[in-house]
Structures are given as structure tokens and as C-alpha cells.
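*Asks:* Next one to model:
(one chain, ligands or ions: 1)
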Amino acid sequence: MKNVEILGTGRAIPSKVVTNDDLAKIVDTSDEWISTRTGIRQRYFCDENETADSLAIEAAKKAIEASGLSKDDIGVCICATLSGDYATPSMACMVQSTLQLREDIATFDVNAACSGFLYGIEIARGMLCCSGEKYALVIGCEQLSKLLDMNDRSTCVLFGDGAGAAVIGVTDDATYASTLGARGGQEILANGPGPDPSNIQMDGKAVFKFATSIIPKCIDELQKKSGFAVSDVSKVVCHQANERIIDFVIRRMKADPEKFYKNMDRYGNTSAASVPIALDELVRNGSIKDGDLLMMVGFGGGLTWAGALIRYAGKK
Ligand code: ACO
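*Replies:* Now for the predicted structure:
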């Protein structure tokens, strides 16, 4: 059975910085409330010239460049998103046409909320391993600012826009494992298209409980399947919903805090984009080097969850 490894990554961040103090001018909140409860200090929102598609295209272009491959090598194109510009064409189709990827490749979006990028990796792996194709482009991209109710202080302070992408390639390396899951329901986390499509419904405490139980479960699964523990990988990249969730997991697992990357202070929660943005930061700042193993864990609306233990192989 073939597996996949990461060859190149990219990200695209919108130009408009929105600080906690900026939000305090719109809703009854404060930098102190937001930062102590979530770790978030700022996020980025698209300006009038930026869209979800434009972010996805930029991140994808950078990932292909970083992989050392040509656009014609890409054999599958998957976008994970819940906030694409159109119901159709899909975001993946917009990336394909703009970057002039081949026409004879599967090109589609996946909605698994904040777990979407890792769902995309596993779907791409399945498709690559059952075809003659060698490389896939997987993107996580969101423009959540257009779904936010800016009068609702309990949700509008949490989210941001952005995109991250990775090119993955097939390998005979046995060091790969994944886990996917879902517990469908609307009670804990839901959004549109009800009476007010912009209103995210969330039971914050229930999300906290879900997240802090599912991250260790995913990590345990990855360890059982691969034989590699947190201590064996360079970094653990969790979905960046909330600093307190990650800190709780570190304490509960008695894990080394240095292994768990956090960047929600700068980006907020970018749903499907959060894991690949963090991944690209780690690659580009030299924290992940060619050949390193990493764990990635996503969790979110659906409810869904996903984990991957994967090697960063670097440029082809
Ligand atoms: N500023 C100031 N006060 C606020 C704000 C705000 N932005 N938001 C809510 N409050 C107030 C509430 O109105 C409430 O006031 P009251 O006691 O007078 O009624 C008080 O703060 C407490 O409200 P809670 O909703 O109980 O706030 P909580 O302490 O649970 O914190 C939070 C909310 C940060 C979302 C928390 O539940 C949490 O950490 N949840 C984890 C999940 C998460 O991060 N979800 C977001 C993403 S979902 C995902 O990606 C999977």
C-alpha cells in the first residue's frame, strides 16, 4: 500500500488586520476578554479586492512552486472549505482554471469544516494510490468574515480569513497514518442556511469539551497505527481554534509544550485553513525540515475530526 508525503506548502493571508481593539469598537468586548479566553490577538479579513478564491489560488501557486513540480504534474485538486465564493463552480475548479491545471484530473471541494484539510489529504491519498497519478494539490481556504454576525460578540471575535495549501506525492515510505471521524448533529456547532445564514450557532463549552477529548483520541490513534508518539515527531499541528484547548491537551497528555505549534494569536480560527497555514509557517521558518515527521489534528463543525502522521519530504 502506497502512502503520501508532503513536498511543498504555501499560504495566502488577506491584507486587512483586525485587532481585538478594532472589534471592541464594534461590539461590547475587549482585548483582555478575547486574549485571555482564546489566545487570539488579531485576525485577517479580506478587503474589497480579495475573495476566498483569490486566497486559495495564491496559496496553491506557492505550494506548487515550493514542491519543485510543474502544474502539469498535479493529478488531483481538492479544496477544503465551507465559505467558497460560489456553490458552483467549486473553489477547486476556480483554482484549476486560474492556474491552468490539467483538465483530466479530479477537481472538487470538500466540506468537513475545520477538519477539511486533513480529510482532503486522506481523500487525495486514496485517489493517488488507486490511480497512476503521483501528486495532489490540497488546499484549505476560508473567508469566514462574510459568514460572521458582527453584532454577536460571542462568535465574531473568534474567526478569521486565510488559505493554506500543500502538494503531496505518493511514496513507499511506511511512516504514514491517518484517522477520520464524524458525529453528525447541529446542537454544538452549526451555521446557515437558516433564517440568518450569517449566524454561527455554537455551544462554546460543549465545543471545548469535544475538542479536548478528540485531540488526544486522534493522537492515540495515530500512535497505535504508526508506532510513532508525540515525542518522535518534530511538531504537532492542531487546528488553531483556541489556545486554551491546546494548553489543556498538553497538560492532560503531559506532552512537551514545545511540540505543539500555536499561531491563533495572529490569525484567529480560520477553520479549514488553520492547519495548512500553520504547516506552511513551520516549513518556511525552518521549524520543519526535509525528512521530519509531523502530526496534524483537525476538529470542528459536523462534528468532524481528523488526524494525520505524515513526513515532510520537501522539494522534489
Ligand atoms: N467579549 C466580552 N464578553 C463576552 C464575549 C466577548 N467577545 N463573548 C461572550 N461574552 C460574555 C457572555 O455574554 C457571557 O456573559 P454573561 O455571563 O454576562 O452572560 C460571558 O462572557 C461568558 O460567556 P460564555 O459563552 O460562557 O463564554 P466562555 O467563557 O465559555 O468563553 C469561548 C467562550 C471562548 C468560545 C469558550 O466557550 C471556548 O473556549 N470554547 C472553545 C471552543 C471554541 O474556541 N470554539 C470556536 C471555534 S469552533 C471550532 O473551531 C471547532
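*Asks:* What's the separation between the closest residue to the ligand within the stretch 151-300 of the chain and V170?
*Replies:* In the stretch 151-300 of the chain, the residue that lies nearest the ligand is G204 (2.3 Å; CB to the nearest ligand atom). Any C-beta I mention is one placed from the backbone N, CA and C, and that applies to glycine too. Distance of G204 to V170, given as CB to CB, to the nearest Å: 40 Å.
*Asks:* quick one, which of the two is more surrounded?
*Replies:* Neighbour count, other CB atoms under 10 Å: between G204 and V170, V170 has more, with 19 against 15.
*Asks:* hmm, back to that, surely the residue of the stretch 151-300 of the chain closest to the ligand touches V157?
*Replies:* No - at 11.3 Å, G204 does not count as touching V157 under the criterion of CB atoms under 8 Å.
*Asks:* what about the helices in the stretch 51-200 of the chain?
*Replies:* With helices called from DSSP state H, counting those that start in this stretch, the stretch 51-200 of the chain shows them at 52-67, 91-98, 116-129, 153-156.
*Asks:* wait, which of these is closest to the ligand?
*Replies:* Across the helices of the stretch 51-200 of the chain, closest to the ligand is helix 153-156 (CB to the nearest ligand atom), at 3.8 Å.
*Asks:* In contact with the residue nearest to T179 when sequence neighbours are not counted, which residues are there?
*Replies:* Counting by CB to CB, 6 or more residues apart in numbering, T179 lies nearest to E221, which is 4.1 Å off, once chain neighbours are set aside. For E221, the contact set (CB atoms under 8 Å, 6 or more residues apart in numbering) comprises A177, T179, G307.
*Asks:* so what's the last one up against?
*Replies:* Looking back up the chat, that one is G307. L118, A177, S178, T179, C218, I219, E221, L222, M295, M296, V297, G298.
*Asks:* Residues in contact with the helix or strand bottoming out on mean pLDDT in the chain: which ones?
*Replies:* Ranking every helix and strand in the chain by mean pLDDT, DSSP states H and E puts strand 189-191 at the bottom, with a mean of 76. Residues outside strand 189-191 that contact it (CB under 8 Å, 6+ apart) are 82, 113, 147, 197, 199-203, 207, 300-303.
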